[in-house]
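**Q** this one's sequence-less:
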């Protein structure tokens, strides 16, 4: 069954299976359109949409998958915002009244998917009902979709902020109760990757008849209105979740902000879409001065950030261009392919320091080489952020992702979920530099993966990566990737100038990092941070990219507030957080038979252990 046929749009079944819907022109029944008043004469606001873009339908897919299991069993923390999928304990995990949520469990619904099809929306569906208790009062939730492994519903708009309890009933049997936090407003942004990370579901507004989905080859322009699809802006204006949504802002304009590429955007409308109960749209104006194929976007409601996502922005054409990254012509070629065979090779340094009692401060450089040769689904890759560890998004902004203990702390929207196969590029990649030759050997466990510790094992204190000329080649190549040669000059590395003064990173105010770029000003400064809470088992990962030549970057307060507070647990003195400053060189392309795209870069990082409080 097609995913779009699984999605009940509040009571609105999907009328299309092709391109994005056009607000105001949908043939969907039960979903009246209403145009919010424009907030600017120069930027007339688009009408509320009553046709959902196909990407939003796919983004909701995880809310509506099927599984064969048995009898209502829920785990604490199994209720999530249906757009962000924020994990329990994360700063953006609370559920807002009037928003879509999904609860996962065992035997919580019928084996065959059931979905609501008409207004008024049901309080029981497929034998499933949900009762919410908050503030000493019980509330019945609208059930939109039910299957044995998960149920999607709307948190009643009358539920007050605070702690709430959920009990699910299926065929007369009650589940165990679970508790969860409720916030008056907590935005979750729908993403094309369907998991709350990666590229946002956004439409570029040209006219009521023309609102294409934002993509790398259909980028928004600065000054253009864009429509961001979300849930969680707040309770319905009339507190009615069972009937067509009332038009109008559900949150005061002063309480919501959209940041695009680190810059505040003008918000013109923030309320229910015309299509769906529980689904919100934010109409905003793309700010000037932002550019790139992956421009970070985050929504804050009452200063609490949503999940971090991204859009494409271009000031001089519909196809985006990333300075220091992929060119417009490379992007244009990329979108014509069904699959893409990629090669990413890099030389990397991480400098670590740790202070121990009696011993004092220890410092070590870990210089390594990496290579990765893989084939991806192009449509999937374009939904992700970054590729193979290269600079992942446009400089001038940050992104934060939250993970459970034991999960890999990768970049937001990792492309690995779209991997089709690995590619053999030969037994090794040779490296030659000022400190002599080295070899990156292909992993015995994973074809197409290459690695080497570059430092001399007999003199671990001597760093391999030094300024000078480097060359790399893979000899005759391998079964899928032919021969290639790379030449690159490594300049002197940047110097972190305020490292020693950093003892704690406050999560409630901006924080500035400074450096001396030296002669390595051609590239991107990278700030990487981690913070974990040992008692709760969750952690946050921070990524910021900045102009290397600028010599400083200020991490905004709304970004730091999205980090989990550091907590090492009892009887542990070491900080449960870190911040690293480094640099990425501009991407250097290389060609090889069997590859559609090859890129090489050099990265450095200086790590400092410090808590986030």
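**A** Thanks, I have the structure now. All values reported here derive from a predicted model rather than from experimental measurement.
**Q** Please, where are all the helices along the protein?
**A** 3-6, 54-59, 328-334, 378-381, 557-560 (DSSP state H).
**Q** Quick check: which helices or strands does the last one pack against?
**A** Put plainly, it is helix 557-560. strand 292-301, strand 538-547 (3 or more Cβ pairs under 8 Å, 6 or more residues apart in numbering; DSSP states H and E). For glycine as for every other residue, the C-beta is placed from the backbone atoms N, C-alpha and C.
**Q** for the third one, same thing?
**A** Applying 3+ Cβ pairs under 8 Å, 6+ apart, one finds that helix 328-334 contacts no other helix or strand.
**Q** chain center to that helix, what's the gap?
**A** 23 Å (Cα atoms, centre = their mean, to the nearest Å).
**Q** now what about that helix, what contacts it?
**A** 216-217, 293, 317, 319-321, 326, 340, 378, 382, 589, 596-597 (Cβ atoms under 8 Å, 6 or more residues apart in numbering).
**Q** my guess is residue 128 contacts residue 168, does it?
**A** Yes. Residue 128 is in contact with residue 168 according to Cβ atoms under 8 Å; the separation is 6.8 Å.
**Q** neighbour-wise, which of these two wins?
**A** Ranked by neighbour count (other Cβ atoms under 10 Å), residue 128 and residue 168 place residue 168 first, with 27 against 23.
**Q** Leaving aside the residues adjacent along the chain, what's closest to the more buried one?
**A** residue 175 (4.3 Å; Cβ to Cβ, 6 or more residues apart in numbering).
**Q** so how far is residue 166 from that neighbour?
**A** Distance, residue 175 to residue 166, by Cβ to Cβ, to the nearest Å: 8 Å.
**Q** do the same with residue 591
**A** In terms of Cβ to Cβ, residue 591 sits 56 Å off from residue 166.
**Q** likewise residue 266?
**A** Distance from residue 266 to residue 166, by Cβ to Cβ: 37 Å.
**Q** Same question for residue 119.
**A** In terms of Cβ to Cβ, residue 119 sits 24 Å off from residue 166.
**Q** More neighbours: the two, which one.
**A** residue 166 (24 against 16).
**Q** Go through stretch 216-224 and flag the buried ones.
**A** 216-220, 222, 224 (16 or more other Cβ atoms under 10 Å).
**Q** Quick check: of those residues, which lies closest to residue 302?
**A** residue 220 (26.4 Å; Cβ to Cβ).
**Q** can you pull the contacts of the closest one?
**A** 202, 204, 214, 226, 286, 311-314 are the contacts of residue 220 under Cβ under 8 Å, 6+ apart.
**Q** For the protein, give me the ranges with low pLDDT.
**A** 1-70, 323-325, 353-362, 384-392, 405-417, 460-461, 520-522 (pLDDT under 70).
**Q** Go ahead and flag the most central residue of it.
**A** By Cα atoms, centre = their mean, the chain has its centre lying nearest to residue 197, at 2.9 Å.
**Q** pretty sure it contacts residue 298?
**A** No. With contact defined as Cβ under 8 Å, residue 197 does not reach residue 298; the gap is 11.9 Å.
**Q** overlap in contacts of these two?
**A** With Cβ under 8 Å, 6+ apart as the test, residue 197 and residue 298 both reach 307-309.
**Q** Please convert the residues you listed to a markdown table, extending it with neighbour count and distance to residue 259.
**A** Output for these, formatted as a markdown table (neighbours: other Cβ atoms under 10 Å; distance: Cβ to Cβ, whole Å):
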| residue | neighbour count | distance to residue 259 |
| --- | --- | --- |
| 307 | 31 | 13 |
| 308 | 32 | 9 |
| 309 | 32 | 11 |
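**Q** Kindly indicate which of those lies nearest residue 464.
**A** residue 308 (34.5 Å).
**Q** Show the contacting residues for the closest one.
**A** Here residue 308 is in contact with 197, 296-298, 398-401, 412, 562 (Cβ under 8 Å, 6+ apart).
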